[in-house]
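Asker: Return a 3D structure for these sequence lines:
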Amino acid sequence: MGNDASQLKGLEIDEKPTETTDFWCHYKATIRDGCRYFGLNGDGSVSVFKGETIMGPLWTVSSPLEKFCNNILKYRHPFIIRYLSAWQQRSTFHLATEFVQPLAHVLSSQTPLQKCIGINNILQALVFLHEQGGVSHNNISICSIYLSGDGQWKLGGLQYLCNFSELTPAYLKQARIHR
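Answerer: Numbers count the residues shown, from 1 in each chain. Down below sits the predicted model:
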């Protein structure tokens, strides 16, 4: 395990990413004493997403990872990935969340009941975003769903989220280019 200097004391980030996308790399990490500070399960496992600045029509103010970070910080729900911390280190933005793994990596091992419960979790998160937040996710796919350490399906991929008032055909066209 590598030990990146960060704003989270005792953070150790695995060297090999769990997932690599166009926007970020997702790593498993461990925070010593993390259970005490963040209410984490047993071993202090967390996820760290690292992303570089990306330019484009949808990313004029912040990078996709920064937008994802801001949205999980703003829209908190039991079935949306839980924010822990974020920091900038040189040109790389870091986001620490509860431990999650991509659903695509484990879907084949899920039982039909687990899949039904998982779909219900994601629907509850979407209802929350639509009805309470007044926003549209715009990125529902297996790539935006994660499995938490306790087996719950969690919604991620909030980098395309926007208010309903901003949801135009032009916005969706720009978002589709990157998905």
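
Asker: any idea how far the residue nearest the centre of the chain is from residue 86?
Answerer: The centroid of the chain falls nearest to residue 156 when counting by Cα atoms, centre = their mean (4.1 Å). Distance from residue 156 to residue 86, counting by Cβ to Cβ, to the nearest Å: 14 Å. (C-beta placed from N, C-alpha, C; glycine too.)

Asker: count of neighbours near residue 76?
Answerer: 11 (other Cβ atoms under 10 Å).

Asker: so who does it touch?
Answerer: If a contact means Cβ atoms under 8 Å, 6 or more residues apart in numbering, then residue 76 has 82, 83 as its contacts.

Asker: so what's the residue nearest to the centre of the chain closest to, chain neighbours aside?
Answerer: Among residues not flanking residue 156 along the chain, residue 81 sits closest, at 4.7 Å (Cβ to Cβ, 6 or more residues apart in numbering).

Asker: how about residue 165, secondary structure?
Answerer: helix (DSSP: H, G, I helix; E, B strand; the rest coil).

Asker: following the helix-or-strand element of the chain with minimal mean pLDDT, which helix or strand shows up next?
Answerer: Scoring the helices and strands of the chain by mean pLDDT, DSSP states H and E places helix 34-38 at the bottom, with a mean of 56. Scanning forward in sequence from helix 34-38 by DSSP states H and E, the next helix or strand is strand 45-52.

Asker: Give the next helix or strand downstream of that next one.
Answerer: That would be, after strand 45-52 and using DSSP H and E, helix 64-74.

Asker: Tell me what angle that following helix forms with strand 45-52.
Answerer: Angle, helix 64-74 to strand 45-52, by axes from the mean of the first three to the mean of the last three Cα atoms, to 10 degrees: 140 degrees.

Asker: do you know how far residue 143 is from residue 26?
Answerer: Residue 143 is 11 Å from residue 26, by Cβ to Cβ.

Asker: next one: residue 117
Answerer: Going from residue 117 to residue 26 by Cβ to Cβ gives 23 Å.
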